[in-house]
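Chemist: everything below, folded, please.
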Amino acid sequence: MPIALSITDLCKRTSFGRTTVYHLIKTRKLRSHKANGRRFFLLEELLEDLRRLPADGQPTEQANNKAVPANSIKQQGSES
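Modeler: A predicted model of the protein is given here:
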């Protein structure tokens, strides 16, 4: 069964602000789904999307092939 995250969950685990998340959705860099008026992210899709984001300091054209580590998402209950 797929694991779904809310925007609040995503923000907590990535340290992204809500504005950043909505910008990434609008620019189609993050896939999201809506059901009953609530937006959510499927974990597998989210990991793929995060890997496609440019790494810090990488030009966008070259960064498309660079991976963002999957461990950049904080696990639930982690100390941070």
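
Chemist: okay, strands next: where are they in the protein?
Modeler: Applying DSSP state E to the chain gives strands spanning 4-6, 33-35, 38-42.

Chemist: how about the ones you listed, which one is nearest L24?
Modeler: strand 38-42 (10.4 Å; Cβ to Cβ). Heads up, the C-betas are built off the backbone N, CA and C, glycines and all.

Chemist: re the thing from before, tabulate the strands of the chain in JSON lines, adding columns for mean neighbour count.
Modeler: Listed next are these as JSON lines, based on neighbours: other Cβ atoms under 10 Å:
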{"stretch": "strand 4-6", "mean neighbour count": "15"}
{"stretch": "strand 33-35", "mean neighbour count": "9"}
{"stretch": "strand 38-42", "mean neighbour count": "16"}
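
Chemist: reformat those as JSON lines; add mean pLDDT and distance to Y22.
Modeler: Shown next, in JSON lines, are the strands of the chain (pLDDT from 0 to 100; distance: least, Cβ to Cβ, whole Å):
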{"stretch": "strand 4-6", "mean pLDDT": "95", "distance to Y22": "13"}
{"stretch": "strand 33-35", "mean pLDDT": "95", "distance to Y22": "13"}
{"stretch": "strand 38-42", "mean pLDDT": "96", "distance to Y22": "9"}
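
Chemist: to R13, which of these lies closest?
Modeler: Using Cβ to Cβ, the nearest of the strands of the chain to R13 is strand 4-6, at 7.2 Å.

Chemist: mind listing what the closest one pairs with, with the direction of each?
Modeler: Its sheet considered, strand 4-6 pairs with strand 38-42 (antiparallel) by DSSP bridges.

Chemist: can I get the partner strand in CSV? Just the C-alpha atoms.
Modeler: Extracted C-alpha coordinates of strand 38-42, given in CSV (Å, rounded to 0.1, in the frame of the first residue of the first chain):
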residue,chain,number,x,y,z
ARG,A,38,-6.8,17.7,0.6
ARG,A,39,-3.5,17.6,-1.2
PHE,A,40,-1.1,14.7,-0.6
PHE,A,41,2.1,13.3,-2.0
LEU,A,42,2.9,9.6,-2.6
